[in-house]
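starting from these lines, generate the structure:
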Amino acid sequence: MIELNFELARSNMIEQQIRPWDVLNQQVLDLLYQVPREEFVPTDYRQLAFADINIPLGHDQVMLSPKMEARLLQALSVNPNDRVLEIGTGSGYLTALLAKMANNVDSVDIFEDLVTAAKAKLKALGISNVSLEVGDAAQGWNRQTEYDVIVITGSLSVLPEHIKQQIDEGGCILAVVGEGPVMQAQLINHVSAAEWYTEVLFETWLPPLINAPRSKRFCL
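Numbers count the residues shown, from 1 in each chain. Alright, predicted model coming up:
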């Protein structure tokens with residue numbers, strides 16, 4: 001098999017997929033050039049590292065498409081002093097991008113093999129401001145900590161109140177909410193003690209977050 005020209009494929013991904021989807025934040029675009037996406041893709045899918053698809057990771061989990069990851073990063077506007085919680089490490093690629101933007105990232109995944117693989121990849125790239133843990137974070141994680149940003153990489157039928165309680169004022173949560181076939185990527189902003197503002201970014205679909213609470217109207 002002919003090896004893909006990764007640098008050309010990376011440039012084409014950014015210019016043909018990501019910019020046309022209104023991702024114009026220069027910091028985000030620079031990170032997509034700097035962090036080697038192909039290093040986080042399972043070996044069998046390496047040639048598809050820059051394709052506009054969700055890539056299977058096993059366990060019925062996926063690596064998000066490049067344009068979705070980029071659009072989410074742009075919406076989050078992570079600051080250098082932010083504390084980030086990522087629920088669902090997956091491939092570790094989004095983890096790496098978040099770590100490049102934030103002060104530190106706590107990332108947790110229910111599957112040990114995904115966490116082990118992500119640790120190795122992040123270490124190889126010299127990314128050290130990430131704490132990776134194996135666990136079930138659907139019910140919240142490290143609850144005594146308030147974060148500036150929470151990113152949930154599996155879909156939810158409803159956003160649990162206990163996750164909202166972990167966001168500091170001025171912070172935000174990025175979640176895909178709803179039931180298939182169409183869900184909404186939402187940015188939920190904690191404006192003040194009693195005020196929240198939800199921005200719908202786009203429609204999409206993601207596998208559900210394992211063990212996530214379900215809305216009563218979806219429970220039979």
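
list the buried residues in the least confident helix or strand in the chain by mean pLDDT.
In the chain, no helix or strand scores lower on mean pLDDT, DSSP states H and E than helix 161-164, which sits at a mean of 88. Neighbour counts over helix 161-164 (16 or more other CB atoms under 10 Å) mark I163 as buried. C-beta coordinates here come from the backbone N, C-alpha and C atoms, glycine included.

again, but for stretch 184-201
Using 16+ other CB under 10 Å as the test for burial, stretch 184-201 gives Q184, A185, Q186, L187, I188, N189, H190, L201.

and the pLDDT at the third one?
Spelled out, that is Q186. As predicted, Q186 sits at a pLDDT of 97.

what's the following helix or strand after the strand or helix carrying it?
Element membership for Q186, per DSSP states H and E: strand 183-192. As assigned by DSSP H and E, the chain's next helix or strand after strand 183-192 is strand 195-204.

packing partners for that next one?
Packing partners of strand 195-204 (3 or more CB pairs under 8 Å, 6 or more residues apart in numbering; DSSP states H and E): helix 66-76, strand 183-192.

quick one: strands adjacent to the shortest one?
Which is strand 183-192. Note on strand 183-192: by DSSP bridges, its sheet partners are strand 167-177 (antiparallel), strand 195-204 (antiparallel).

what's the longest one in contact with?
To tie it back to what came earlier, the one meant is strand 167-177. 72, 75-76, 82, 146-152, 154-159, 163-164, 183-193, 204-206 (CB atoms under 8 Å, 6 or more residues apart in numbering).

buried residues in it, which are they?
Buried positions in strand 167-177, judged by neighbour count with 16+ other CB under 10 Å: I167, G171, C172, I173, L174, A175, V176, V177.

quickly note the distance from G92 to Q186.
Going from G92 to Q186 by CB to CB, to the nearest Å gives 24 Å.

what's the single longest helix in the chain?
The helix spanning the most residues in the chain, taking DSSP state H as the definition, is helix 112-124.

contacts for it next, please.
Contact partners of helix 112-124, identified using CB under 8 Å, 6+ apart, comprise 39-40, 57-59, 61, 89-92, 95-96, 99, 107-109, 128, 130, 132-134.

also stretch 29-38?
4, 6, 10-11, 13-14, 18-19, 23, 46, 49-50, 66, 70, 73, 93, 96-97, 100-101, 125.

give me the distance from that stretch to the chain's centre.
Here the centre of stretch 29-38 is set off from its chain's centre by 15 Å, with CA atoms, centre = their mean, to the nearest Å.

still on that earlier bit, buried ones among the contacts of stretch 29-38?
Buried among the contacts of stretch 29-38 by 16+ other CB under 10 Å: 6, 10, 13-14, 18, 23, 49-50, 66, 70, 73, 93, 96-97, 100-101, 125.
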